[in-house]
Each structure stands twice: as structure tokens, then as C-alpha cells.
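1. heads up, no residue letters with this:
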């Protein structure tokens, strides 16, 4: 199939590197423009946005943090379900720019699926990258306070409210339930989305398990620019976690396991779980050091010294960028056997797996890594690096996605 250049409309709620999906949105657009494509952005206004001429078409900020008063907060809540500003603004940009494809990353609670029929009406085929499981489950993590939850697969979307799946809050869960009920009733995703791109085999299989058409989902591993090799150093620092400090990341399990195994661990990052994790470390006298948030060279310097990187997740992780970043720095990865983590580690022969959420299993795994010689650590690290540079290369990603675009028909 011939792959030619075209016009792309890149859509995402945030136009800055807030998280992994936002980074993919920006890097995807840059990769395609570097290969001759024309690209325009459609996003939301935000104080931290990167500069772009396209921001004149961006929707107004949708964030309760910036809303004062009950009326303003109610307006924000309603716009997370259906945003008329998005409909107006996407019509405006389509009036002056006719893309060959619209590629949506994460736009659910800000831009909202309200734009899908507008894109279809203008004949623009829609591709969505499944950075999470929101298309299937009202709670995009597919979990609640009790752990993994798939009740909505065969039951009502209102399970999200009855089980308080979003932030353990009835109010937040009711809003998300209303949104899910609306778009399921309209069958918005199946009706308008031509193709879902799944970064992991696990997510692809989960979509199929929930009834998504097999011919409308494709597995394409994420890509990431290799981290500068000058940060590849010895294995003198402790086993390290780097990333967001949140309940689904399994950090309480990690701290308990480190205490049980008497194995030193470092945690790099910030997030809502910081107070809880800090208190747990103190109460257990665990050999865990909280290093706070590090960015740029300081982060890569720390990761590049680690004995191994640990990823103790307790939710359906997709294709974590932290695994790729660890591999690029020739660090082996100790990962939970959940979501898309196992396929990356197994395919790369780049580390070890343990049972997600199991303190005893993780403690034993920490001991195993701590007892592993430097030569074997380096061998696994190099294996991971070789895997990442081939399977997750920008060249392979561009070729795969461009061929998928070429096979799309006008909406």
C-alpha cells in the first residue's frame, strides 16, 4: 500500500507535556510533520500550554479548580459531559482546514465526544489512540477503591456511580455515569470512530473482549525518542521507581515489600499519594527514600544509575513510557504482571515479573534483583535497549500509523 503525505488534525485536551498521553500527542504530530505532513492542533486553553498559532481555535478552559462559585462549578460539570464550545470551535477550524484524518488522543472530559459527529459530517475519518480504557469503561482506569472492576462490561454503566468508581466520590461518579450513558445511547464511538490504535496487545485484546469490532482496532506500540546515552552509568543506586505517586501505582505495596525484604528502594516523583506513602515509610521504618520530583537531566542521571527500575502497578497499565525510558538507559525492569507491562518485559527479555498487589511476591522479587550480579543486570538492560530501539522506534511507528491512515475511507 502506498503511503503518501497528507493533512492531520491532532486533538488532545492538553497542549503541554502533562503526562504520557500528552507527550505522545505532541511527539506524534512532530513525527508526522517531520515526514512531510501538514498538521493543525485542536486542544484546550491552559496557562501551561506550549505556544502554537492554532490556540485561537482552542476551547476555553474546563477545570473546576479555576471555577469559583456553585454556578460556575455546575457549568464546568455540564461541559465535561457535552461541550458546545468544542462543537463551535471544531466547526471553525474545519471551515479553514480540511484534514485527511483527525487523530484524537485524550479528549473525553474537556473537548468531549461532542465533536465526533461534526468531524463525520465534514467527511473526516477519526482515529483514536487508546491511551486508557475510557471508550469501554466510564472510569478510564477500569478500577475503583476495591481494585480492578469490569462490571460495566455486561451490566449498566451506572455501576460507576453505585460503586463510586471515580475518586471514590458519588458526585464525580454520577457525572461520569451520565456522560457514559449519553454517549452509549448515541453509540457515538462505534458510529463515528473509524479505527482505534492500541499501544499494547493487552488493550487490543481487552477491546475485543468487550465487543469492539476486530477490523477497527490495530496494535501499534508507542514510540519514544531514545534518552541520551551519556546517562547510561553503573548500577550503584538502589532499585528505583519514577513516575506519578497515585493509588493505582502500587506504591504502598512497594513500601511494604521493601520493608519486608530489607532492600533499599528510591521513589522519584510527586502526586496525591505522597502524604500516605511518607507516613507508611515512617511507620514501617522502611528502607525507602523519597527523592521528590526530578525532571530532565536530573531525572535521567538518577534513572541511569539505578540497579533496576520497579513498576508495581495495580491497574491495567497500557504500554508504560517509563519502561521504554528505563530500557533506553539499559536498566532492567521489575514489573507487575498486569496490563501491558508483561508483554514489554517478556518480549524484551529485559527484566522480571511479579504478581501485582502481592507484597510477598514483590519482596521476593526485590531480593532477587538485589542479589543479581552487575553483569547479568547489564545483560538484561542491553536486551531491553535493543528491543526498544527496534520495536518502539519512531520509524516503525510512523510507517505503521501512516499505512493505517492510508487505508481509511472518508467518513
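-> Yep, that arrived. Everything quoted here is computed from the prediction, not taken from an experiment.
2. how about the strands in the stretch 251-400 of the chain?
-> 265-268, 288-292, 309-311, 333-336, 351-354 (DSSP state E, counting those that start in this stretch).
3. Residue 103 belongs to a strand, doesn't it?
-> Yes. Judged by DSSP: H, G, I helix; E, B strand; the rest coil, residue 103 forms part of a strand.
4. Any idea how many residues pack against it?
-> Using other C-beta atoms under 10 Å, residue 103 has 24 neighbouring residues. Bear in mind the C-beta positions are built from the backbone N, C-alpha and C, glycine included.
5. Surely it and residue 7 touch.
-> No. Between residue 103 and residue 7 there is no contact under C-beta atoms under 8 Å: 11.2 Å.
6. mean confidence score for the helix or strand harbouring residue 241?
-> Element membership for residue 241 (DSSP states H and E) is strand 239-242. The pLDDT scores in strand 239-242 average 98.
7. Same question for stretch 305-313.
-> Mean pLDDT, computed over stretch 305-313, is 98.
8. Start and end of it, how far apart?
-> 22 Å (C-alpha to C-alpha, to the nearest Å).
9. where's it relative to the chain centroid, distance-wise?
-> 18 Å (C-alpha atoms, centre = their mean, to the nearest Å).
10. Pull out the buried positions in that stretch.
-> Going by neighbour count (16 or more other C-beta atoms under 10 Å), the buried part of stretch 305-313 is 305-313.
11. what would those look like in CSV with distance to residue 150?
-> Formatted as CSV, the buried residues of stretch 305-313 follow (distance: C-beta to C-beta, whole Å):
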residue, distance to residue 150
305, 39
306, 34
307, 36
308, 31
309, 29
310, 26
311, 22
312, 21
313, 17
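12. Quick check: buried residues in the lowest-mean-pLDDT helix or strand in the chain?
-> Every helix and strand of the chain was ranked by mean pLDDT, DSSP states H and E. The lowest is helix 70-79, at a mean of 75. Neighbour counts using 16+ other C-beta under 10 Å place 76-77, 79 of helix 70-79 among the buried residues.
13. quick revisit: would you mind giving the strands of the stretch 251-400 of the chain as CSV with distance to residue 373 added?
-> Converted to CSV, these look like this (distance: least, C-beta to C-beta, whole Å):
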stretch, distance to residue 373
strand 265-268, 19
strand 288-292, 24
strand 309-311, 18
strand 333-336, 16
strand 351-354, 14
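14. residue ranges with poor pLDDT in the stretch 51-200 of the chain?
-> Scanning the stretch 51-200 of the chain for pLDDT under 70 picks out the ranges 64-72.
15. just the helices in it please.
-> Using DSSP state H, counting those that start in this stretch, the helices assigned to the stretch 51-200 of the chain run over residues 70-79, 84-96, 116-121, 159-162, 170-185, 188-192.
16. Out of these, indicate the one that is most buried.
-> helix 159-162 (a mean of 22; mean count of other C-beta atoms under 10 Å).
17. Could you count how many residues lie near residue 132?
-> Residues near residue 132, counting by other C-beta under 10 Å: 20.
18. ok, now the one 5 residues further on?
-> Summarising burial for residue 137: neighbours were counted as other C-beta under 10 Å, giving 25.
19. Going forward, the N-terminal residue is numbered 27.
-> That works, and once the first residue is 27, the last one we named lands at residue 163.
20. How is the protein divided into domains?
-> Residue ranges for the domains of the chain, per automatic domain parsing: 33-164+211-250+419-430, 255-417.
21. what about the longest one, start to end distance?
-> Using C-alpha to C-alpha, the gap from the first to the last residue of domain 33-164+211-250+419-430 comes to 14 Å.
22. again with the last one
-> The separation between the terminal residues of domain 255-417, taken as C-alpha to C-alpha, is 18 Å.
23. Show me how far that domain is from its chain's centre.
-> Centroid separation for domain 255-417 versus its chain: 17 Å, with C-alpha atoms, centre = their mean.
24. do the first one as well
-> Using C-alpha atoms, centre = their mean, the mean C-alpha position of domain 33-164+211-250+419-430 is found 13 Å from that of the whole chain.
25. if we can go back for a sec, any chance of the domains of the chain in a markdown table, with distance to residue 198 too?
-> Below are these laid out as a markdown table (distance: least, C-beta to C-beta, whole Å):
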| stretch | distance to residue 198 |
| --- | --- |
| domain 33-164+211-250+419-430 | 9 |
| domain 255-417 | 14 |
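26. Residue 189 is nearest to which of those?
-> Minimum separation from residue 189 across the domains of the chain (C-beta to C-beta) falls at domain 33-164+211-250+419-430, 10.5 Å.
27. Show the pLDDT at the nearest residue to residue 376 once chain neighbours are set aside.
-> Once flanking residues are discounted, residue 376 sits nearest to residue 410: 2.8 Å by C-beta to C-beta, 6 or more residues apart in numbering. Reported pLDDT at residue 410 in the predicted model: 97.
28. now residue 435
-> 87.
29. tally of neighbours for it?
-> 7.
30. just residue 172 next, same as before
-> Residues near residue 172, counting by other C-beta under 10 Å: 10.
31. Would you mind listing the residues in contact with it?
-> Taking C-beta atoms under 8 Å, 6 or more residues apart in numbering, we find residue 172 in contact with residue 189.
32. Quote the end-to-end distance of stretch 265-280.
-> This stretch, stretch 265-280, spans 11 Å end to end (C-alpha to C-alpha).
33. Quick check: bridge partners of residue 35?
-> On the basis of DSSP bridges, residue 35 is bridged to residue 66, residue 128.
34. Next, the residues that contact stretch 116-124 from outside, please.
-> Contact partners of stretch 116-124, identified using C-beta under 8 Å, 6+ apart, comprise 33, 35, 66, 68, 80, 83, 141, 144-145, 148, 150.
35. Can you tell me which of these has the most neighbours?
-> For the contacts of stretch 116-124, the largest number of neighbours (other C-beta under 10 Å) sits with residue 68, at 27 neighbours.
36. Just want the angle from the least confident helix or strand of the chain to helix 110-122.
-> Here helix 96-105 runs at an angle of 50 degrees relative to helix 110-122 (axes from the mean of the first three to the mean of the last three C-alpha atoms, to 10 degrees).
37. Great, nothing more from me.
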